[in-house]
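> What follows is a predicted protein model with its sequence.
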Amino acid sequence: MATLEERLDAMPPSRGQLLILVICLLLNVADGFDVLAMSYAAPALTEAWSLDPRQLGAVFSAALVGMAAGSLLLAPLADVFGRRTMVLAAAAFVSAGMFGAAMSESLWQLMAVRFLAGLGIGVIIPISATLAAEYAPARIRNAGVVLVAAGFSVGAVSAGLVAEEIILAAGWPGMFIAGGVLTALLFLLALVFLKESVYFIAAGSAAADEKIRRVNQVLTSLQREHVTALPPPPVENRSRGSVLALFAPGLRFTTAQLWVLWFALNWSSYLLANWVPSLMVHAGYSPAQGIDALTWFTTGALIGAIVLGLLSARFLLAPMVAGMLVMAGALLAGWVTIDLAFVTQKIVLGVVGFMFSASYGFWAIAAANYPPRIRATGVGWSGGFGRLGAIVSPLVTGYVVAAAWGLDHTMLTLLVPAVLLAAGLIYSAGRRAQPATDAG
């Protein structure tokens, strides 16, 4: 009798498996739209509320604080209550936060509901990737996870394509209403069609017969044959899930390096994603041109994510990712120091976005640096610490813009060094990656 893994790894994937992957992809599309909605609405909101750059930076950071809290505090609950349950709860948080943003009448209200939306987004991103890895057949698993993750860029690009029309028709609240409706529809889709992870069911505390019954219910919905036995539950290990284990001898330098690396990556990517439209306006361009510039950046990131997923099967990941980030830093420096026509600036930003997609490779590099017994803890806490970079950089940028820094000084001082630091660290971390064995 085939094992559970063999049932799910059979090719071609069933319609039920593909539907789960599509739902996970669409949830990330909605997250990308919801995160970037604030960036695209920022110029109109600033004008309507007479916000200064520091206040705008605080609004940006509120969602990022929520994302960090969701990743660190709520996403682990998927191992307690189930992936499906947490995805549904998170989608409800995001939808409520988006509708709340559209109805906000004060800066504090807006910050509170952006934090709420961030909580949900911080849960959906890692759990959707987990479900994709657990339901995609082994032969296409890497491609499935990469494409699901790339859904975030699809949402970001989609937000840019419709932002100008929505804001002209409904003002800045229209972006949040659109995001709230999109997420609410996906909540209903997931409620009906998203299945609980069979691996979560198999690892539960229910009686063996009950677990087999529930697993076979899911397999029936996936058009897969039933199983008569389940894999044994994982062996308990007191170091599992322990943050202190990440600082054991031989790992503490690796952990510190990876945390700084992810901080630098998030600092850079969220500075660009949040501030490009507003910085372009401060540099003398129109709000429509600022939106256009960010759309080119996010489109480049989407294309780059797909290309990276294909190339990583053929080339060494760390040198490729480091080289792409070095090129991004050089292009950014050239963009703000050379007098380029706006059309050329958009092309440069698109190429920079393509290079920035290299950061998707960090997930694999981080995982390779930890033994299996603490791998999830290592990767999870690296990402959670990295969120601090995403939180701090919009705030810092708000202060330097308020201090009348130009686009060139802001980019060269706050962005280019962080990109080059990340390139060096990711190359070093990739060279020291451990084999996939659990030593000690």
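Right, received. Where do you want to start? Everything quoted here is computed from the prediction, not taken from an experiment. Numbers count the residues shown, from 1 in each chain.

> avg pLDDT for the longest helix seen in the chain?
Scanning the chain for the longest helix, with DSSP state H as the assignment, gives helix 15-49. Confidence over helix 15-49 (mean pLDDT, whole number) is 89.

> do the same with stretch 183-192
Per-residue pLDDT over stretch 183-192 has a mean of 95.

> Pull out the buried positions in that stretch.
183, 184, 186, 187, 189, 190 (16 or more other Cβ atoms under 10 Å). Yep, even glycine has a C-beta here, placed from its N, CA and C like the rest.

> my read: the third one touches residue 91, true?
Just to be clear, that refers to residue 186. Yes: counting by Cβ atoms under 8 Å, residue 186 does reach residue 91; the two are 6.2 Å apart.

> Mind listing the shared neighbours of these two?
Between them, residue 186 and residue 91 have 27, 30 as joint contacts when contacts are counted by Cβ atoms under 8 Å, 6 or more residues apart in numbering.

> What is the nearest of the buried residues of stretch 183-192 to residue 415?
Of all the buried residues of stretch 183-192, the one with the least separation from residue 415 (Cβ to Cβ) is residue 183, at 30.3 Å.

> residues near the closest residue in space to the closest one that isn't next to it in sequence, how many?
Leaving aside its sequence neighbours, residue 183 sits nearest to residue 95 (Cβ to Cβ, 6 or more residues apart in numbering; 4.2 Å). Burial of residue 95 is recorded as 24 neighbouring residues (other Cβ atoms under 10 Å).

> okay but residue 222 is in contact with residue 18, surely?
No: under the criterion of Cβ under 8 Å, residue 222 lies out of contact with residue 18, with a separation of 9.6 Å.

> The two: which has the busier surroundings?
Shown here are residue 222 and residue 18; by other Cβ under 10 Å, residue 222 has more neighbours (21 against 15).

> for the closest residue to that one other than its chain neighbours, what are its contacts?
If the residues on either side of it in the chain are set aside, residue 222 comes closest to residue 16, at 3.5 Å by Cβ to Cβ, 6+ apart. With contacts taken as Cβ under 8 Å, 6+ apart, residue 16 has the following neighbours: 195, 221, 222, 223, 224.

> How much space separates the closest residue to the second one other than its chain neighbours from residue 8?
Spelled out, it's residue 221. Taking Cβ to Cβ, 6+ apart, and ignoring the residues beside it in sequence, residue 221 has residue 16 as its nearest neighbour in space, at 5.3 Å. To residue 8, residue 16 is 10 Å away according to Cβ to Cβ, to the nearest Å.

> circling back: got the contact list for the residue nearest to residue 183?
Taking Cβ under 8 Å, 6+ apart as the definition, contacts of residue 95 comprise 120, 180, 183, 184, 187.

> Could you list which of these belong to helices?
Using DSSP H, the members of the contacts of residue 95 that fall in helices are 120, 180, 183, 184, 187.

> quick revisit: determine the angle, from 0 to 180 degrees, between the helix or strand where the residue nearest to residue 183 lies and helix 15-49.
Element membership for residue 95, per DSSP states H and E: helix 83-102. An angle of 20 degrees separates the directions of helix 83-102 and helix 15-49 when computed by axes from the mean of the first three to the mean of the last three Cα atoms, to 10 degrees.

> Begin at 347 from now on, thanks
Taking 347 as the first residue, the last one we looked at is helix 429-448.

> could you give me the average pLDDT of helix 429-448?
Per-residue scores along helix 429-448 average to 93.

> same question, stretch 451-458
For stretch 451-458, the per-residue pLDDT averages 90.

> do stretch 596-614 as well
With pLDDT averaged residue by residue, stretch 596-614 scores 85.

> I would like the residues contacting it, please.
With Cβ under 8 Å, 6+ apart as the contact definition, stretch 596-614 has outside contacts at 591-593, 702, 705, 708, 712, 715-716, 724, 727-729, 731-736, 738-739, 761, 764-765, 767-768, 771-772, 774-775, 778.

> Derive a ChimeraX selection command for the buried subset of these.
Buried subset of these, written as a ChimeraX selection, criterion 16+ other Cβ under 10 Å:
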select :591,592,702,705,708,712,715,716,724,727,728,729,731,732,733,734,735,736,738,739,761,764,765,767,768,771,772,775
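
> Out of the contacts of stretch 596-614, list just those in helices.
702, 708, 712, 724, 727-729, 731-736, 738-739, 764-765, 767-768, 771-772, 774-775.

> what helix or strand does residue 616 sit in?
helix 598-628.

> Measure how far that helix is from the centre of its chain, please.
13 Å (Cα atoms, centre = their mean, to the nearest Å).

> quick one: buried residues of it?
By neighbour count, with 16+ other Cβ under 10 Å as the criterion, the buried positions of helix 598-628 are 600-601, 603-628.

> same deal with stretch 481-497?
Counting neighbours by 16+ other Cβ under 10 Å, stretch 481-497 gives 481-483, 486-497 as buried.

> where's the dip in pLDDT among those residues?
Taken together, those show their lowest pLDDT at residue 488, with 65.

> Which residues are in contact with the closest residue to residue 773 other than its chain neighbours?
Among residues not flanking residue 773 along the chain, residue 668 sits closest, at 3.7 Å (Cβ to Cβ, 6+ apart). With contacts defined as Cβ under 8 Å, 6+ apart, residue 668 is in contact with 704, 769, 770, 772, 773, 776.

> one more time with 6 Å, if that's ok
Contacts of residue 668 were listed using Cβ atoms under 6 Å, 6 or more residues apart in numbering, and they are 769, 772, 773.

> Which of those sits closest to residue 474?
Proximity to residue 474 was ranked across the contacts of residue 668 by Cβ to Cβ; first place goes to residue 772, at 23.8 Å.

> Dead centre of the protein: give me the residue that sits there.
residue 471 (5.5 Å; Cα atoms, centre = their mean).

> which stretch of helix or strand covers that residue?
The secondary structure element spanning residue 471 is helix 453-481 (assigned by DSSP H and E).
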